[in-house]
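sequence and predicted structure are below.
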Amino acid sequence: MGHEQVYQRFDIHQRIQHIGMFTSFMILTITGLPIKFEQSKLSQGVVSLFGGFDTMFYVHLLGGALMIVVSIYHLIYLVLVPLGGKKKSWAIMPNWKDFRDLAHNLSYFLGFRKNPARFDRYSYKEKFDYWAVFWGMLIMGGSGLMMWYPQFFTLFLPRWVIDSSRYAHTDEAILAISAIFIWHFYNVHFNNRSFPMSKVWYVGNLTREEMEEDHPVELERIERERDVLDKGQSKE
């Protein structure tokens, strides 16, 4: 019986970054919501599980530090990948095809088209997830550091900016939590094809069937390039 053909989706660095990001996100969610909704009985129960507010707050700071470290790791990775000889990919950058795919899918959902849009390496949904993290890190990371070290930031920022950071931090947190648990979890894990979980985040590979379903344009390009390479080698 032959082995199932697989295609690499994420290398080991990308998987570590993703694991670090969602681990820190879960820590921040569990410890952050009780801070925002401190009057809730559920929040008070979570605080008691940590043995008190101070302990929970320190865990929250630890989660924030981990998220910042993972973000820096990712930025360094983006710079070092092409320096290491690996071809740099710009596939994650938004382009006009994403808007065409969105319009195509809307027509499909409304019954005006028979087939959904065909995606390349990243769909518009995946690009939205990725760039939303950049936007969120600027707000969450920046406002979190302002609240963590107010004495430092008041040296060059007015007090009202520091005071506003709490509202920016908590409101962005609610937006991020809603997006992850409603949008991201359904698209990646809870849809009828992946439920109960997509395994790509830890195995790093997609099967041919998954590629045909989710990234047919990329699959066609890979096979086209493979055919060209095979023909070149056969001539040699």
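Arrived safely.

quickly find the element holding residue 58.
In this assignment (DSSP states H and E), residue 58 forms part of helix 53-83.

against which helices or strands is that helix packed?
Applying 3 or more CB pairs under 8 Å, 6 or more residues apart in numbering; DSSP states H and E, one finds that helix 53-83 contacts helix 12-36, helix 41-49, helix 124-148. Bear in mind the C-beta positions are built from the backbone N, C-alpha and C, glycine included.

same list, the ones you listed, but as a markdown table with mean pLDDT, mean neighbour count and distance to residue 69 please.
Below are these laid out as a markdown table (pLDDT from 0 to 100; neighbours: other CB atoms under 10 Å; distance: least, CB to CB, whole Å):
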| stretch | mean pLDDT | mean neighbour count | distance to residue 69 |
| --- | --- | --- | --- |
| helix 12-36 | 96 | 17 | 7 |
| helix 41-49 | 96 | 13 | 25 |
| helix 124-148 | 94 | 17 | 11 |
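
now those as JSON lines including distance to residue 105?
Formatted as JSON lines, the helices and strands packed on helix 53-83 follow (distance: least, CB to CB, whole Å):
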{"stretch": "helix 12-36", "distance to residue 105": "25"}
{"stretch": "helix 41-49", "distance to residue 105": "37"}
{"stretch": "helix 124-148", "distance to residue 105": "8"}
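
any idea which of these gets closest to residue 78?
Smallest distance to residue 78 across the helices and strands packed on helix 53-83 (CB to CB): 10.2 Å, for helix 12-36.

from residue 119, how far out is residue 9?
As judged by CB to CB, to the nearest Å, residue 9 and residue 119 stand 13 Å apart.

do residue 48 as well
Residue 48 sits 46 Å away from residue 119, taking CB to CB as the criterion.

quick one: which of the helices and strands packed on helix 53-83 is nearest residue 173?
Set against residue 173 and scored by CB to CB, these come closest in helix 12-36, at 5.7 Å.

element containing residue 206, please.
Assigned by DSSP H and E, residue 206 falls within strand 205-207.

sheet partners, orientation included, of that strand?
Paired neighbours of strand 205-207 in the sheet (DSSP bridges): strand 6-8 (antiparallel).

what's the average pLDDT for the strand it pairs with?
For strand 6-8, the mean per-residue pLDDT is 92.
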